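J.: this one's structure only:
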(Lines give C-alpha, C1' and ligand atoms only; values in the text may rest on other atoms or scores of the structure.)
Protein backbone atom coordinates (compact mmCIF):
# COMPACT_ATOMS: atom_id res chain seq x y z
CA UNK A 1 0.00 0.00 0.00
CA UNK A 2 1.42 3.38 -1.00
CA UNK A 3 1.07 5.66 2.06
CA UNK A 4 -1.20 8.59 1.25
CA UNK A 5 -3.40 9.29 4.24
CA UNK A 6 -2.84 12.35 6.44
CA UNK A 7 -3.67 11.74 10.11
CA UNK A 8 -4.49 14.99 11.94
CA UNK A 9 -5.32 13.29 15.25
CA UNK A 10 -2.23 11.34 16.26
CA UNK A 11 -0.79 11.44 19.75
CA UNK A 12 2.76 11.24 21.01
CA UNK A 13 3.82 10.60 24.59
CA UNK A 14 7.24 12.22 25.08
CA UNK A 15 9.38 10.61 27.81
CA UNK A 16 9.24 13.75 29.95
CA UNK A 17 5.44 13.79 29.68
CA UNK A 18 5.22 10.14 30.74
CA UNK A 19 7.57 10.81 33.65
CA UNK A 20 5.52 13.73 34.90
CA UNK A 21 1.99 12.73 33.92
CA UNK A 22 2.00 8.95 33.70
CA UNK A 23 0.66 8.29 37.19
CA UNK A 24 -2.10 10.87 36.79
CA UNK A 25 -3.07 9.41 33.43
CA UNK A 26 -3.33 5.93 34.89
CA UNK A 27 -5.32 7.22 37.88
CA UNK A 28 -7.91 8.61 35.46
CA UNK A 29 -7.89 5.59 33.13
CA UNK A 30 -6.07 2.43 34.28
CA UNK A 31 -6.61 0.82 30.88
CA UNK A 32 -4.18 3.33 29.38
CA UNK A 33 -1.15 1.46 30.71
CA UNK A 34 -0.44 0.18 27.19
CA UNK A 35 -0.59 3.74 25.84
CA UNK A 36 2.30 4.76 28.08
CA UNK A 37 4.44 2.23 26.22
CA UNK A 38 4.21 4.32 23.03
CA UNK A 39 7.35 4.80 20.95
CA UNK A 40 7.99 6.65 17.67
CA UNK A 41 8.60 3.29 16.01
CA UNK A 42 5.16 2.09 17.15
CA UNK A 43 3.61 5.09 15.39
CA UNK A 44 5.57 4.53 12.20
CA UNK A 45 4.74 0.83 12.07
CA UNK A 46 1.04 1.55 12.61
CA UNK A 47 1.13 4.29 9.97
CA UNK A 48 2.77 1.95 7.47
CA UNK A 49 0.17 -0.76 8.06
CA UNK A 50 -2.66 1.73 7.55
CA UNK A 51 -1.23 3.64 4.60
CA UNK A 52 -0.67 6.85 6.53
CA UNK A 53 1.99 9.05 4.96
CA UNK A 54 2.13 11.84 7.57
CA UNK A 55 0.73 12.28 11.07
CA UNK A 56 0.25 15.62 12.77
CA UNK A 57 1.24 14.99 16.36
CA UNK A 58 -0.31 16.35 19.53
CA UNK A 59 -0.23 15.58 23.23
CA UNK A 60 -3.61 14.49 24.59
CA UNK A 61 -4.98 15.08 28.09
CA UNK A 62 -2.56 17.90 28.83
CA UNK A 63 -5.10 19.29 31.29
CA UNK A 64 -4.39 16.49 33.77
CA UNK A 65 -1.38 18.35 35.11
CA UNK A 66 -1.54 20.72 38.10
CA UNK A 67 -2.55 24.24 37.17
CA UNK A 68 0.85 25.60 38.11
CA UNK A 69 2.29 28.26 35.82
CA UNK A 70 5.90 27.08 35.78
CA UNK A 71 4.98 23.40 35.66
CA UNK A 72 2.77 23.80 32.62
CA UNK A 73 5.30 26.07 30.90
CA UNK A 74 8.09 23.52 31.35
CA UNK A 75 5.90 20.56 30.41
CA UNK A 76 4.70 22.26 27.23
CA UNK A 77 8.21 23.26 26.18
CA UNK A 78 9.61 19.76 26.74
CA UNK A 79 6.76 18.23 24.71
CA UNK A 80 7.24 20.72 21.88
CA UNK A 81 10.99 20.28 21.60
CA UNK A 82 10.48 16.52 21.52
CA UNK A 83 7.83 16.77 18.78
CA UNK A 84 10.08 19.03 16.73
CA UNK A 85 12.96 16.56 16.96
CA UNK A 86 10.61 13.78 15.93
CA UNK A 87 9.74 15.74 12.77
CA UNK A 88 13.43 16.22 11.99
CA UNK A 89 14.41 12.61 12.61
CA UNK A 90 11.57 11.21 10.50
CA UNK A 91 11.27 13.75 7.69
CA UNK A 92 7.92 13.69 5.97
CA UNK A 93 6.32 11.30 8.45
CA UNK A 94 5.37 13.75 11.19
CA UNK A 95 4.16 17.29 11.66
CA UNK A 96 3.36 18.95 14.98
CA UNK A 97 0.66 20.89 16.78
CA UNK A 98 2.28 22.94 19.54
CA UNK A 99 1.26 22.11 23.11
CA UNK A 100 0.24 25.26 25.01
CA UNK A 101 0.60 25.99 28.76
CA UNK A 102 -2.96 27.22 29.05
CA UNK A 103 -4.71 28.75 30.92
CA UNK A 104 -1.67 30.99 31.51
CA UNK A 105 -1.93 33.61 28.78
CA UNK A 106 1.53 35.20 28.95
CA UNK A 107 3.29 31.84 28.85
CA UNK A 108 0.96 30.63 26.11
CA UNK A 109 1.77 33.62 23.90
CA UNK A 110 5.47 32.93 24.44
CA UNK A 111 5.03 29.27 23.49
CA UNK A 112 3.06 30.18 20.37
CA UNK A 113 5.97 32.35 19.23
CA UNK A 114 8.51 29.66 20.07
CA UNK A 115 6.49 26.93 18.41
CA UNK A 116 6.00 28.77 15.13
CA UNK A 117 9.14 30.89 14.87
CA UNK A 118 11.74 28.49 16.31
CA UNK A 119 10.33 24.98 15.96
CA UNK A 120 8.37 25.44 12.74
CA UNK A 121 5.07 24.11 14.10
CA UNK A 122 2.09 23.45 11.84
CA UNK A 123 -0.47 24.71 14.33
CA UNK A 124 -1.38 24.53 18.00
CA UNK A 125 -3.23 22.02 20.13
CA UNK A 126 -5.72 23.25 22.71
CA UNK A 127 -8.00 21.47 25.15
CA UNK A 128 -11.76 21.99 25.10
CA UNK A 129 -11.66 23.39 28.64
CA UNK A 130 -9.14 24.46 31.22
CA UNK A 131 -10.30 23.87 34.79
CA UNK A 132 -13.96 24.67 34.07
CA UNK A 133 -13.11 27.57 31.75
CA UNK A 134 -13.95 27.19 28.09
CA UNK A 135 -11.95 28.72 25.24
CA UNK A 136 -14.19 31.72 24.62
CA UNK A 137 -13.39 33.05 28.12
CA UNK A 138 -12.53 36.76 27.70
CA UNK A 139 -9.18 36.25 29.45
CA UNK A 140 -8.10 33.99 26.58
CA UNK A 141 -8.90 36.58 23.89
CA UNK A 142 -5.24 37.65 23.39
CA UNK A 143 -4.33 34.04 22.59
CA UNK A 144 -6.93 33.75 19.84
CA UNK A 145 -6.13 37.22 18.51
CA UNK A 146 -2.49 36.20 18.11
CA UNK A 147 -3.42 32.91 16.47
CA UNK A 148 -5.72 34.77 14.12
CA UNK A 149 -2.91 37.19 13.27
CA UNK A 150 -0.75 34.21 12.36
CA UNK A 151 -3.56 32.58 10.37
CA UNK A 152 -2.91 29.54 12.53
CA UNK A 153 -4.50 26.12 12.55
CA UNK A 154 -5.98 25.45 15.99
CA UNK A 155 -6.64 21.79 16.76
CA UNK A 156 -8.91 21.07 19.72
CA UNK A 157 -8.76 17.86 21.72
CA UNK A 158 -11.47 17.17 24.29
CA UNK A 159 -10.92 16.69 27.97
CA UNK A 160 -13.28 16.13 30.89
CA UNK A 161 -14.23 19.27 32.78
CA UNK A 162 -13.88 19.10 36.58
CA UNK A 163 -17.60 19.77 36.84
CA UNK A 164 -18.46 16.52 35.07
CA UNK A 165 -16.13 13.86 36.43
CA UNK A 166 -17.72 10.58 37.55
CA UNK A 167 -21.34 11.57 37.01
CA UNK A 168 -22.49 8.03 36.18
CA UNK A 169 -20.98 5.14 38.15
CA UNK A 170 -18.98 2.60 36.13
CA UNK A 171 -19.04 4.69 32.95
CA UNK A 172 -15.66 6.38 32.33
CA UNK A 173 -16.19 10.12 32.12
CA UNK A 174 -14.37 10.48 28.81
CA UNK A 175 -16.76 8.17 26.97
CA UNK A 176 -19.63 10.64 27.27
CA UNK A 177 -17.96 13.90 28.21
CA UNK A 178 -15.50 14.17 25.34
CA UNK A 179 -18.20 14.76 22.69
CA UNK A 180 -20.24 16.98 24.98
CA UNK A 181 -17.26 19.09 26.04
CA UNK A 182 -16.30 19.55 22.39
CA UNK A 183 -19.75 21.02 21.83
CA UNK A 184 -19.36 23.26 24.88
CA UNK A 185 -16.05 24.55 23.54
CA UNK A 186 -17.55 25.32 20.13
CA UNK A 187 -20.53 27.07 21.73
CA UNK A 188 -18.17 29.10 23.91
CA UNK A 189 -16.12 30.24 20.91
CA UNK A 190 -19.27 30.95 18.93
CA UNK A 191 -21.30 33.05 21.37
CA UNK A 192 -18.42 35.02 22.82
CA UNK A 193 -17.79 36.18 19.27
CA UNK A 194 -14.35 34.55 19.10
CA UNK A 195 -15.06 32.69 15.86
CA UNK A 196 -16.39 35.84 14.19
CA UNK A 197 -13.52 37.97 15.51
CA UNK A 198 -10.88 35.52 14.29
CA UNK A 199 -11.83 34.72 10.68
CA UNK A 200 -8.26 33.95 9.61
CA UNK A 201 -7.67 31.20 12.18
CA UNK A 202 -8.68 27.69 11.15
CA UNK A 203 -10.34 25.51 13.80
CA UNK A 204 -10.25 21.68 13.83
CA UNK A 205 -12.41 19.76 16.30
CA UNK A 206 -11.96 16.10 17.19
CA UNK A 207 -14.51 13.32 16.92
CA UNK A 208 -16.64 14.92 14.24
CA UNK A 209 -17.35 17.92 16.43
CA UNK A 210 -18.82 15.82 19.21
CA UNK A 211 -22.57 16.34 19.45
CA UNK A 212 -22.52 19.49 17.31
CA UNK A 213 -24.07 17.97 14.15
CA UNK A 214 -27.12 16.90 16.19
CA UNK A 215 -27.35 20.10 18.28
CA UNK A 216 -26.32 22.82 15.82
CA UNK A 217 -29.85 24.00 15.08
CA UNK A 218 -30.72 23.94 18.78
CA UNK A 219 -27.62 26.03 19.49
CA UNK A 220 -28.62 28.43 16.71
CA UNK A 221 -32.04 28.94 18.35
CA UNK A 222 -30.30 30.63 21.27
CA UNK A 223 -29.35 33.46 18.93
CA UNK A 224 -33.00 33.87 17.97
CA UNK A 225 -34.04 34.48 21.57
CA UNK A 226 -30.98 36.40 22.79
CA UNK A 227 -30.14 39.29 20.48
CA UNK A 228 -27.03 40.19 22.50
CA UNK A 229 -25.54 36.83 21.65
CA UNK A 230 -26.74 36.99 18.06
CA UNK A 231 -24.94 40.32 17.58
CA UNK A 232 -21.64 38.55 18.26
CA UNK A 233 -22.24 36.24 15.30
CA UNK A 234 -23.10 38.73 12.54
CA UNK A 235 -22.77 36.21 9.69
CA UNK A 236 -25.22 33.84 11.36
CA UNK A 237 -24.67 30.87 13.64
CA UNK A 238 -24.89 28.08 11.08
CA UNK A 239 -22.68 29.92 8.60
CA UNK A 240 -20.03 30.35 11.30
CA UNK A 241 -20.23 26.74 12.41
CA UNK A 242 -19.87 25.46 8.87
CA UNK A 243 -16.47 27.15 8.58
CA UNK A 244 -15.05 24.70 11.12
CA UNK A 245 -13.09 21.52 10.37
CA UNK A 246 -13.72 18.12 11.94
CA UNK A 247 -11.79 14.86 12.14
CA UNK A 248 -13.23 11.42 11.60
CA UNK A 249 -12.29 9.73 14.89
CA UNK A 250 -15.34 7.92 16.33
CA UNK A 251 -17.62 9.01 13.47
CA UNK A 252 -16.49 6.46 10.87
CA UNK A 253 -19.79 4.63 11.23
CA UNK A 254 -22.97 5.10 9.23
CA UNK A 255 -25.23 7.08 11.60
CA UNK A 256 -22.56 9.41 12.96
CA UNK A 257 -20.96 10.07 9.58
CA UNK A 258 -24.37 10.73 8.02
CA UNK A 259 -25.06 13.36 10.67
CA UNK A 260 -21.70 15.02 10.09
CA UNK A 261 -22.06 15.15 6.31
CA UNK A 262 -25.61 16.46 6.57
CA UNK A 263 -24.24 19.28 8.69
CA UNK A 264 -21.01 20.17 6.88
CA UNK A 265 -19.27 19.81 3.53
CA UNK A 266 -16.84 17.01 2.67
CA UNK A 267 -14.12 19.66 2.26
CA UNK A 268 -14.27 20.32 6.02
CA UNK A 269 -13.66 16.72 7.11
CA UNK A 270 -10.17 15.36 7.88
CA UNK A 271 -8.92 11.85 8.53
CA UNK A 272 -7.89 11.11 12.12
CA UNK A 273 -6.94 8.03 14.12
CA UNK A 274 -6.45 8.89 17.82
CA UNK A 275 -3.43 6.57 17.82
CA UNK A 276 -2.21 5.03 20.15
CA UNK A 277 -5.54 5.03 21.96
CA UNK A 278 -7.13 3.39 18.90
CA UNK A 279 -5.72 1.09 16.22
CA UNK A 280 -5.53 2.96 12.92
CA UNK A 281 -6.19 0.02 10.61
CA UNK A 282 -8.82 -1.67 12.81
CA UNK A 283 -10.78 1.26 14.21
CA UNK A 284 -10.40 4.24 11.88
CA UNK A 285 -10.81 3.27 8.23
CA UNK A 286 -13.55 4.90 6.13
CA UNK A 287 -13.92 2.20 3.47
CA UNK A 288 -17.32 1.00 4.69
CA UNK A 289 -19.08 4.36 4.35
CA UNK A 290 -19.85 4.12 0.63
CA UNK A 291 -17.86 7.25 -0.24
CA UNK A 292 -16.86 8.02 -3.80
CA UNK A 293 -13.16 7.79 -4.62
CA UNK A 294 -13.09 11.58 -4.92
CA UNK A 295 -14.66 12.18 -1.50
CA UNK A 296 -12.50 9.53 0.14
CA UNK A 297 -9.33 11.10 -1.22
CA UNK A 298 -10.50 14.55 -0.12
CA UNK A 299 -11.01 13.39 3.48
CA UNK A 300 -7.94 11.20 3.71
CA UNK A 301 -5.46 13.47 1.93
CA UNK A 302 -6.46 16.54 -0.04
CA UNK A 303 -8.31 18.54 2.63
CA UNK A 304 -5.36 18.34 5.03
CA UNK A 305 -2.90 19.24 2.28
CA UNK A 306 -4.91 22.36 1.52
CA UNK A 307 -4.98 23.32 5.19
CA UNK A 308 -1.39 22.60 6.27
CA UNK A 309 1.51 24.06 4.22
CA UNK A 310 4.04 21.41 5.34
CA UNK A 311 2.05 18.75 3.51
CA UNK A 312 2.17 20.52 0.15
CA UNK A 313 5.90 19.95 -0.12
CA UNK A 314 6.16 16.50 1.46
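T.: Thanks, I have the structure now. Nothing here was measured: the structure is a model prediction, and the numbers come from that model.
J.: all helices of the chain, in order?
T.: Residue ranges of the helices in the chain, as given by DSSP state H, are 15-28, 40-50, 69-89, 105-117, 141-149, 173-191, 194-197, 212-225, 227-231, 237-241, 254-263, 280-283, 293-297, 303-307.
J.: to residue 61, which of those lies closest?
T.: With C-beta to C-beta as the measure, helix 15-28 is the member of the helices of the chain nearest residue 61 (6.3 Å). In this view, the C-beta of every residue, glycine as well, is placed from N, C-alpha and C.
J.: give me the buried positions along the closest one.
T.: 17, 20, 21, 22, 25, 28 (16 or more other C-beta atoms under 10 Å).
J.: for stretch 87-96, how far is the first residue from the last?
T.: Start and end residues of stretch 87-96 are separated by 7 Å (C-alpha to C-alpha, to the nearest Å).
J.: ok, residue 275 touching residue 10?
T.: Yes. Counting by C-beta atoms under 8 Å, residue 275 touches residue 10, with 5.3 Å between them.
J.: shared neighbours of these two, anything?
T.: Residues touching both residue 275 and residue 10 by C-beta atoms under 8 Å, 6 or more residues apart in numbering: 43, 55.
J.: report the contact partners of the residue nearest to residue 305 when sequence neighbours are not counted.
T.: Spatially, and ignoring its direct neighbours in sequence, residue 305 is nearest to residue 311 (4.4 Å; C-beta to C-beta, 6 or more residues apart in numbering). Applying C-beta under 8 Å, 6+ apart to residue 311 gives the contacts 6, 54, 95, 304, 305.
J.: check contacts around the residue lying closest to residue 150 once chain neighbours are set aside.
T.: Take residue 150 and drop its neighbours on the chain: the residue closest to it by C-beta to C-beta, 6+ apart is residue 116, 6.3 Å away. Listed by C-beta under 8 Å, 6+ apart, the contact partners of residue 116 are 98, 150, 152.
J.: ok, and the most crowded of these?
T.: With neighbours taken as other C-beta atoms under 10 Å, the top of the contacts of residue 116 is residue 98, carrying 28 neighbours.
J.: isn't that residue up against residue 123?
T.: Yes. Residue 98 is in contact with residue 123 according to C-beta under 8 Å; the separation is 7.1 Å.
J.: about what we covered before: biggest separation within the contacts of residue 311, which pair?
T.: Farthest pair in the contacts of residue 311, by C-beta to C-beta: 95 and 305, 11.4 Å.
J.: the more surrounded of those two?
T.: A count of neighbours by other C-beta under 10 Å puts residue 95 above the other of residue 95 and residue 305, at 28 against 16.
J.: any idea what residue 52 is bridged to?
T.: Beta bridges link residue 52 to residue 5 when assigned by DSSP bridges.
J.: and the gap between it and residue 14?
T.: Remark: distance between residue 52 and residue 14 (C-beta to C-beta, to the nearest Å) = 20 Å.
J.: these two: which is more packed in?
T.: A count of neighbours by other C-beta under 10 Å puts residue 52 above the other of residue 52 and residue 14, at 26 against 22.
J.: quick check: that one touching residue 7?
T.: Yes. In this structure residue 52 lies within contact range of residue 7 using C-beta under 8 Å: 5.0 Å.
J.: re earlier: and the residue nearest to residue 305, how far is that from residue 251?
T.: Residue 311 is 22 Å from residue 251, where distance means C-beta to C-beta.
J.: ditto for residue 184
T.: From residue 184 over to residue 251 (counting by C-beta to C-beta), the distance is 18 Å.
J.: so the two - more neighbours on which side?
T.: The neighbour count for residue 184 versus residue 251, taken as other C-beta under 10 Å, is higher for residue 251 (26 against 20).
J.: excluding chain neighbours, what is closest to the more buried one?
T.: Excluding its sequence neighbours, the residue lying closest to residue 251 (C-beta to C-beta, 6+ apart) is residue 208, at 3.4 Å.
J.: surely that neighbour touches residue 258?
T.: No. Using C-beta under 8 Å, residue 208 makes no contact with residue 258, being 10.8 Å away.
J.: thinking again about what came up before, the contacts of residue 116 in strands, which ones?
T.: Among the contacts of residue 116, the members found in strands (DSSP state E) are residue 98.
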